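Undergrad: Here's my sequence, what's the structure:
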Amino acid sequence: MILGPCQLIAHITTKHDGSYEINDHSATRIFPSTNENRCLNLGPTVRKILGRSPFTFFEHPKHLDSIISGCVLSGNQHVLKEANTVVTWRGILTRIFLGNKVIVHISFIDNTMYIEEADLKPEWTATQYALTDAVGMAFEDVYSQPLDSSLSAPNSVQPDPEHVDQQWGNLVQRSLGDLNLIFCGEVDAVKDDIGGGTPNDWFDKRVELKSRNIHSRYPISYARWHMQSSLLEVPEIFVGYRDNNLCVTYTDTVRVSDIQPANFNDSLQRGYNVLSALRATFESKREEEGTDLDDTIWKVVINEGYVSNAIKLEDIEAHKVKRRRELPHTPSVARVGIVPKEMVSRLRGYRR
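TA: Okay, the predicted model is just below:
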């Protein structure tokens, strides 16, 4: 099983309140080459983050709105109309391919399968960041800079405590066998040898930033690191190894191609089998139910390469899913299944 080339559709900035901007680079961060051998103290930034309340939707799954809007508003809505299309998040694909358990909501609309993670604790709100989350966020903040500040002061290290609540995502298209995968995932930074281009020119200069405790009892999950990065074709991972005092003691840059596990193709085959089986199931249901299938939401459990459970949500439960992530001061989003109704209308009106 072979993954086709990674085609960039759009950049997406997702903000702390769940709002997003298409082809906006305000959340893009630069990784200065001068930081590659620096051993920096994460402690002060970690403490700042722990002293703040988590952002609104921290640890809650995201709807697919930004992905669908990213395709439509960037003029690439045609990618959603291609045969055998699956629309989802990079994180969901990672778990499916690796055989990890994931519980998702699925809607099958106009022959396109939309998959988002089910929110198992929709009413829960985090009151503070866990230390592991704060350390990861601090590492990104200390070792990278917002795009604007890096252009004015490329060799400085000035953590931006507010910027940590934004994410820069790459929305891409890839083939997997006869499947057309449309998905988005966060990218931590871009290396600073950008030559004055735009983010569209930096695709091969993206880098993931990861921090590891040198005293951790658990081995690095290179299979997960590889899958996460390879899906978006991010070529490098910069790793900072820290001690218990939150001081980075040494660093390393890992080429993603160098950590490809021997069973990588088996993982791709596993993912293809799951996604193809799901599409076949919903194609069959569509033949039976016609357009009545559009405005339905299915709760599906996927584990170890198999669909272990699939339940059609009753109207009350489906309504709760549609209302998920709604803010009191924002208009309600009308949905067909899990997809914004406005986006469905735009796609149905689209002609090449």
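
Undergrad: Next up, phi/psi of I259, please.
TA: phi -110, psi 20 (degrees, to the nearest 10).

Undergrad: residue furthest from the geometric center of the protein?
TA: E288 (33.5 Å; CA atoms, centre = their mean).

Undergrad: Could you chop this structure up by domain?
TA: Taking automatic domain parsing as the reference, the chain has its domains at 7-59+126-259, 65-122+263-349.

Undergrad: what about the residue lying closest to D295 once chain neighbours are set aside, how many residues close to it?
TA: What sits nearest to D295 in space, not counting adjacent residues and going by CB to CB, 6 or more residues apart in numbering, is V336, at 5.1 Å. For every residue, glycine as well, the C-beta is placed using N, CA and C. Neighbour count of V336, defined by other CB atoms under 10 Å: 19.

Undergrad: And V336, how far from A262?
TA: V336 sits 43 Å away from A262, going by CB to CB, to the nearest Å.

Undergrad: got it, and R324?
TA: For R324 relative to A262 (CB to CB), the value is 39 Å.

Undergrad: now D243
TA: From D243 to A262 the distance is 32 Å (CB to CB).

Undergrad: Can you pick out the residue with more neighbours from the two?
TA: Legend: neighbour count by other CB under 10 Å for D243 and A262, higher for D243 (12 against 7).

Undergrad: list the contacts for the more buried one?
TA: D243 sits next to 213-215, 249 when contact means CB atoms under 8 Å, 6 or more residues apart in numbering.

Undergrad: now do 10 Å
TA: By CB atoms under 10 Å, 6 or more residues apart in numbering, the contact set of D243 is 39, 213-215, 249.

Undergrad: quick one, phi/psi of it?
TA: Dihedral angles (degrees, to the nearest 10) for D243: phi -100, psi -170.

Undergrad: Relative to P122, how far out is it?
TA: Distance from D243 to P122, by CB to CB: 38 Å.

Undergrad: What of P331?
TA: 19 Å.

Undergrad: ok so, going back, now the buried members of the contacts of D243.
TA: Of all the contacts of D243 considered here, none is buried according to neighbour count by 16 or more other CB atoms under 10 Å.

Undergrad: Quickly check those residues for the two that are furthest apart.
TA: Pairwise distances across the contacts of D243 peak at 16.1 Å for C39 and H215 (criterion: CB to CB).

Undergrad: Which strand residues bridge the nearest residue to W298 once chain neighbours are set aside?
TA: Leaving out its chain neighbours, the residue that sits closest to W298 by CB to CB, 6+ apart is I106, at 4.7 Å. Note on I106: beta-bridge partners by DSSP bridges are I115, W298.

Undergrad: Okay, strands next: where are they in the stretch 201-350 of the chain?
TA: 206-213, 236-242, 248-255, 298-303, 306-312, 335-336, 339-340 (DSSP state E, counting those that start in this stretch).

Undergrad: For the spatially closest residue to Y350 that is not a sequence neighbour, grab phi and psi.
TA: Excluding the flanking residues, the one nearest Y350 by CB to CB, 6+ apart is Q77, at 5.2 Å. Q77 adopts backbone torsions of phi -60, psi -20, taken as degrees, to the nearest 10.

Undergrad: Kindly list the main-chain dihedrals of the most centrally placed residue in the chain?
TA: In the chain, the C-alpha nearest the mean C-alpha coordinate belongs to G185, at 2.8 Å (CA atoms, centre = their mean). Main-chain torsions, G185, degrees, to the nearest 10: phi -150, psi 160.

Undergrad: how close does it sit to S230?
TA: For G185 relative to S230 (CB to CB), the value is 11 Å.

Undergrad: shared neighbours of these two, anything?
TA: With CB under 10 Å, 6+ apart, G185 and S230 have common neighbours T94.

Undergrad: hmm, back to that, can you name the residues bridging to the residue nearest to the centre of the chain?
TA: Bridge pairing for G185 (DSSP bridges) gives the partners N170.

Undergrad: got a pLDDT number for it?
TA: We have a pLDDT of 96 for G185.

Undergrad: Please look at it and V172 and confirm they touch.
TA: Yes: in this structure, G185 is within contact of V172 by CB atoms under 10 Å, at 8.2 Å.

Undergrad: helices and strands of the protein: which one has the lowest mean pLDDT?
TA: helix 147-152 (a mean of 57; mean pLDDT, DSSP states H and E).

Undergrad: Could you list the low-pLDDT ranges of this structure?
TA: Across the chain, the ranges flagged by pLDDT under 70 are 56, 148-165, 193-201, 325-329, 351-352.

Undergrad: tell me, how many neighbours does G305 end up with?
TA: By the criterion of other CB under 10 Å, G305 has 17 neighbours.

Undergrad: show me what contacts it?
TA: Contacts of G305 by CB under 10 Å, 6+ apart are 96-99, 266-267, 269-271, 273-274, 277.

Undergrad: now do D252
TA: 36, 210, 212, 237-241.

Undergrad: Just the buried residues from the residues you listed, in PyMOL please.
TA: One line in PyMOL is enough to select the buried members of the contacts of D252, burial here meaning 16+ other CB under 10 Å:
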select buried, resi 210+212+237+238+239+240+241
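
Undergrad: what would the contacts of D252 look like in JSON lines with distance to E342?
TA: Compiled in JSON lines, those are given as follows (distance: CB to CB, whole Å):
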{"residue": "E36", "distance to E342": "45"}
{"residue": "K210", "distance to E342": "38"}
{"residue": "R212", "distance to E342": "43"}
{"residue": "I237", "distance to E342": "38"}
{"residue": "F238", "distance to E342": "40"}
{"residue": "V239", "distance to E342": "42"}
{"residue": "G240", "distance to E342": "43"}
{"residue": "Y241", "distance to E342": "47"}
